[in-house]
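Enquirer: sequence and predicted structure, then a few things I'm wondering about:
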Amino acid sequence: MQRRRAEERFLFTPSGGGDVSVCLVYPNTYAVGMANLGFQSVFEILSTHPRVHCERAFLPDADQRGSEVVSFESGRRLRDFEIVAFSISFETDYLHVVDILAGAGIPALRAERGGGPLLLCGGPATFLNPEPIADFFDLFLIGEGEDMIPEFLARYVDARDAGGGRDGVLDAVADVGGAYRPDRYAITYAGDGTIESVAYSGPGSGVVTRRLIADLDRFTTASKVLAPDAVFGDMYLVEASRGCEWGCRFCAAGYMYRPIRHRSPETLRAAVEEGLAERSTIGLVGAEMASVPGVAELCEFVADRGGRASPSSLKADVLTHRLARALGRSANQSVTVAPEAGSERMRRVINKNLTEPEILRAADWLVGAGVRAMKLYFMIGLPTETHADVEGIVELTQRIGERFQREGRVQQIRLSVNPFGPKPWTPFQWEPMEDLRSLKTKIGGLKRAIGRLRGVDIDVESPREAYYATVLSRGDRRVSRFLLAVHAAEGDWWSVLRAWEREPPADGFDPRIFSHRPYASDEILPWDFLDHSLHKRFLWVERERAREERQTMPCDVTTCRVCGAC
Ligand code: SF4
């Protein structure tokens, strides 16, 4: 820790230490946490507040597991902080919440704590569905934090200074827009494992409206701490947009961050210029980078200064020749494109709005510009998928590979294939995940066929892991007991999943009800109490359009009001 602290460089000035001690926790290792722009932004907001003294904590590295979890800055015990706040980006880190609390000597279940630090939680995983970890936390902050966290701190400090005590403070901060206090909700379950009723006791209706900032230019979301040990530690990261206008029906990020917001070319360029003073590689972060206004000019600007712009992912049909050339000029060895599905039919189902000629044209431009490798993202097991759709992945990869081979250089294509898992707040939230056996058969065939192509590697997420992630993402409050059982089994989630399939506990928790079961259209969904400004009816209609293989036009935020987000 000492070496890492010495190597870090802060690009902001902390307030110097207030009387409210906060430990901000990322439930994964230091290297992963410090690569996360959201975590870095929250760290800056807390650290620059005049009343807050903020430190960080992470999941210990593998060689230090089992040791007490303490703060990164001073080695202080977590239970000695006034507030312990988790920032969670991915549901697969939920288990680490239990691991960290156990390692810090703090009971994970709220009902068993009865005191100690206030446990807060936020982050994208919880905007979608906080229920799987609702029994662990005193309060969630649902949505984007730039305005919400300062409001929370103002209420917190006022109530604390007034001597409100723990309960009084909790009552005061629960009024902040976006705050979710899970102890005010009581859930009952029907015999088939679905939710029968949700009773709310507290002020207002119990609906929690997630927070969003309208204008990204009000804040610069970029690297705040340069940490060489972080993943992407050699890059300066700049957020270019939030949300996505394309409406892919499986994509949680595209729906939860609606409407699409872009940073203006001017503020983006200013952030990139600052970044180039620190690092030669600029990571452009967002759901899709080719449609960011001015992105080609921005990448040229980076290349002119001898730097390298590295966009997170590019949509092939909006990639321009100019952008491809700019990426080639700035020594981009590899570019990521996400066709997501191999056949035109499947891409219509998922609303990818992307044709094969458009993908091949993008490949031609990128290869011609000197890009030497491509990473292609695909999904497998999507709703209505057939074997012909899976074969389409092989055919499309082969055609892209031919473009690379024509250049006669050593080229590389890497396929990253993920089994589909339904996500809350998407049109596919009601869909089941495909049976594991059938997925394994499809994946086996795909790997054999791809193995016959020259210069192509394939990396497939295991269907078991996708099953586990789906339970964590689509589950309800009973998942917290499951996480405690997995922690007790030293992380062996597969054994616990199988044991609970064979013999569900008394509360009816069979993990397959969250993963392999279609949710009914009139069913109470665990996340129904959240308001993402998305009409549930709109999501259902989009699901129906998927079944009819009908595409929906991308967002036009100036005129459209159809989904409720604008
Ligand atoms: S209202 Fe229309 S433009 Fe706005 S996010 Fe929804 S679909 Fe997109």
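Expert: Noted; the coordinates are in hand. Numbers count the residues shown, from 1 in each chain.
Enquirer: which residues touch stretch 152-159?
Expert: The set of residues external to stretch 152-159 that reach it, using C-beta atoms under 8 Å, 6 or more residues apart in numbering, is 20, 46, 49, 51-52, 83, 141, 168-169, 171-173, 175-176, 179. No exception for glycine: its C-beta is placed from N, CA and C like everyone else's.
Enquirer: list the buried residues in it.
Expert: Residues of stretch 152-159 classed as buried by neighbour count (16 or more other C-beta atoms under 10 Å): 152, 153, 155, 156, 157, 159.
Enquirer: and those as CSV, adding distance to the ligand?
Expert: Listed next are the buried residues of stretch 152-159 as CSV, based on distance: C-beta to the nearest ligand atom, whole Å:
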residue, distance to the ligand
152, 27
153, 30
155, 30
156, 33
157, 35
159, 36
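Enquirer: could you dump those into TSV with pLDDT added?
Expert: Below are the buried residues of stretch 152-159 laid out as TSV (pLDDT from 0 to 100):
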residue	pLDDT
152	98
153	97
155	97
156	97
157	96
159	95
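Enquirer: any chance of those in JSON lines, plus secondary structure?
Expert: Below are these laid out as JSON lines (DSSP: H, G, I helix; E, B strand; the rest coil):
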{"residue": "152", "secondary structure": "helix"}
{"residue": "153", "secondary structure": "helix"}
{"residue": "155", "secondary structure": "helix"}
{"residue": "156", "secondary structure": "helix"}
{"residue": "157", "secondary structure": "helix"}
{"residue": "159", "secondary structure": "helix"}
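Enquirer: which among those residues gets closest to residue 116?
Expert: For those, the residue nearest residue 116 by C-beta to C-beta is residue 156; the value is 16.1 Å.
Enquirer: I figured residue 419 hits residue 438, correct?
Expert: No - between residue 419 and residue 438 there is no contact under C-beta atoms under 8 Å: 10.5 Å.
Enquirer: what is in contact with those two at once?
Expert: With contacts taken as C-beta under 8 Å, 6+ apart, residue 419 and residue 438 have residue 381 as neighbours in common.
Enquirer: more neighbours: those two, which one.
Expert: The neighbour count for residue 419 versus residue 438, taken as other C-beta atoms under 10 Å, is higher for residue 419 (25 against 12).
Enquirer: ok, how many other residues are close to the spatially closest residue to the more buried one that is not a sequence neighbour?
Expert: Excluding its sequence neighbours, the residue lying closest to residue 419 (C-beta to C-beta, 6 or more residues apart in numbering) is residue 466, at 3.9 Å. Around residue 466 there are 23 other residues, counting by other C-beta under 10 Å.
Enquirer: for stretch 342-358, what is the average pLDDT?
Expert: Across stretch 342-358, pLDDT averages out at 94.
Enquirer: so how far is that stretch from its chain's centroid?
Expert: 24 Å (C-alpha atoms, centre = their mean, to the nearest Å).
Enquirer: list the buried residues of that stretch.
Expert: For stretch 342-358, the neighbour count (16+ other C-beta under 10 Å) marks 342-343, 346-354, 356, 358 as buried.
Enquirer: which one of those is nearest to residue 533?
Expert: Relative to residue 533, the closest of the buried residues of stretch 342-358 is residue 351; by C-beta to C-beta it sits at 19.7 Å.
Enquirer: isn't that closest one right up against residue 251?
Expert: No - under the criterion of C-beta under 8 Å, residue 351 makes no contact with residue 251, lying 9.3 Å away.
Enquirer: between the buried residues of stretch 342-358, which is nearest residue 262?
Expert: Residue 262 lies nearest to residue 353 out of the buried residues of stretch 342-358, by C-beta to C-beta, at 18.4 Å.
Enquirer: give the contact list for that closest one.
Expert: Neighbouring residues of residue 353 by C-beta under 8 Å, 6+ apart: 246, 247, 317, 347, 551, 554.
Enquirer: quick one: which of these is most hemmed in?
Expert: Within the contacts of residue 353, neighbour counts (other C-beta under 10 Å) peak at residue 347, which reaches 25 neighbours.
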